[in-house]
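Student: Model the structure of this input:
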Amino acid sequence: MIPFLRLIRIKNLLAILIAMLGVAYFLHKQNPYEVIDFDAFHYGLLIFSTLIIAAAGHIINDYFDLKADRINKPEALVLTKYMNKRWAILANWILNFLGFFMAIILSWHYHTLLFVFVHLLSINLLWFYSAYWKRKLVLGAAVLAALPGLVLFLSSWFFQVLNERNVPFSPYQESTWSTYLDYRFIYFVAICAFFINLSREIIKDIRDIPGDSIIDAHTIPRKIGSQKATLLALLVLQMPAVFFIILKLISDFSLPSLYTSVVLGLLEFLFLLGLTAYYLAPTLLEKWLRLLPTLALILGLTCLYF
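Tutor: Numbers count the residues shown, from 1 in each chain. Here you go, the predicted structure:
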């Protein structure tokens, strides 16, 4: 049982669960004047379908990465050691089928093709990423980094469909300010999640250089070197703050709480700390560099709750 949980990346699935519950909690908390008729059953169905499609994606990723993983992390191998490769493919297909079937139920219930489209898109992105795109420069890391943000978008879209409203990303269209702010902040967190996960993927590719060389994967660290890739990962981790500044300059966007402002400031501090270590203590930076994006992602998700 434990090897299977490692195969489906139970920690990543837990992060998805926290994110989707966070969106629901944030919308309820920030909409005191608009009662959201919360459909717990169908939102639970959306969460479960998203989780099992993500689990299927992790399985197929390990299937195609088997050769590289034998070199990069032989102690963490699950396929061939605890599970046959054919069983892994079967598990991938079953989970994808179940997730897509749930999407059909959701789309039928709400009279929209949105859920079918997003789930089908996710299944194909995860498959093609694992089979082909992971070995392509930039494309692989960008696709995988975009998926966590897609989860947040999908969660917010559920509530828009549920309430039969389409909240625009424009202050010039009719919408209550509270509703406009709610969805806009979730979109902001989703885009920040993309940058944080892109940084995380670059850092993972630095660690996986030996195995990626064997399978000739054209990753960013192999192209520009691990030292420059480390600096790039730190700069990408800085992008949420840059994105926030741009939004402030071109719109009246504001953060919903003091806690969120503190988190954004803390991310800036982590960036400066990492940049200092890059020049003064590169050995120390190498040891805790993996923790930076993970810590940033955890802090970002907590903004939905506080």
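Student: can we go C-alpha only for contacts and neighbour counts from here?
Tutor: Will do.
Student: Show me where the stretch 101-250 of the chain has its helices.
Tutor: With helices called from DSSP state H, counting those that start in this stretch, the stretch 101-250 of the chain shows them at 114-131, 139-162, 177-207, 209-214, 220-224, 226-237, 239-250.
Student: As a markdown table, the ones you listed with mean pLDDT would be great.
Tutor: Shown next, in a markdown table, are the helices of the stretch 101-250 of the chain (pLDDT from 0 to 100):
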| stretch | mean pLDDT |
| --- | --- |
| helix 114-131 | 91 |
| helix 139-162 | 86 |
| helix 177-207 | 79 |
| helix 209-214 | 77 |
| helix 220-224 | 84 |
| helix 226-237 | 85 |
| helix 239-250 | 86 |
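Student: what's the most buried one of those helices?
Tutor: Across the helices of the stretch 101-250 of the chain, averaging neighbours per residue (mean count of other Cα atoms under 10 Å) puts helix 177-207 on top, at a mean of 22.
Student: what packs against that helix?
Tutor: Under the contact criterion of 3 or more Cα pairs under 8 Å, 6 or more residues apart in numbering; DSSP states H and E, helix 177-207 touches helix 10-29, helix 139-162, helix 220-224, helix 226-237, helix 239-250, helix 291-302.
Student: Just the CA coordinates for the shortest one, please, in CSV.
Tutor: Coordinates of the C-alpha atoms in helix 220-224 are reproduced here as CSV (Å, rounded to 0.1, in the frame of the first residue of the first chain):
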residue,chain,number,x,y,z
ILE,A,220,17.1,23.7,-18.9
PRO,A,221,19.9,22.7,-16.5
ARG,A,222,21.5,20.5,-19.2
LYS,A,223,21.3,23.4,-21.7
ILE,A,224,22.7,26.2,-19.5
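Student: Identify the residues contacting the host helix or strand of L273?
Tutor: When elements are assigned from DSSP states H and E, L273 belongs to helix 258-280. By Cα atoms under 8 Å, 6 or more residues apart in numbering, the residues outside helix 258-280 that reach it are 231, 234-235, 237-238, 240-241, 255, 284-285, 289, 292, 296, 299-300, 303, 306.
Student: Go through that helix and flag the buried ones.
Tutor: If you call a residue buried by 16 or more other Cα atoms under 10 Å, then helix 258-280 has these buried ones: T260, V263, L264, L267, E268, L270, F271, G274, L275, A277, Y278.
Student: just stretch 40-59 next, same as before
Tutor: So, applying 16+ other Cα under 10 Å, buried residues of stretch 40-59: 42-43, 45-59.
Student: coming back round to it: could you export the helices and strands packed on helix 177-207 as JSON lines, including distance to R86?
Tutor: Output for the helices and strands packed on helix 177-207, formatted as JSON lines (distance: least, Cα to Cα, whole Å):
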{"stretch": "helix 10-29", "distance to R86": "21"}
{"stretch": "helix 139-162", "distance to R86": "24"}
{"stretch": "helix 220-224", "distance to R86": "31"}
{"stretch": "helix 226-237", "distance to R86": "35"}
{"stretch": "helix 239-250", "distance to R86": "41"}
{"stretch": "helix 291-302", "distance to R86": "32"}
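Student: of these, which approaches E201 most closely?
Tutor: helix 139-162 (5.8 Å; Cα to Cα).
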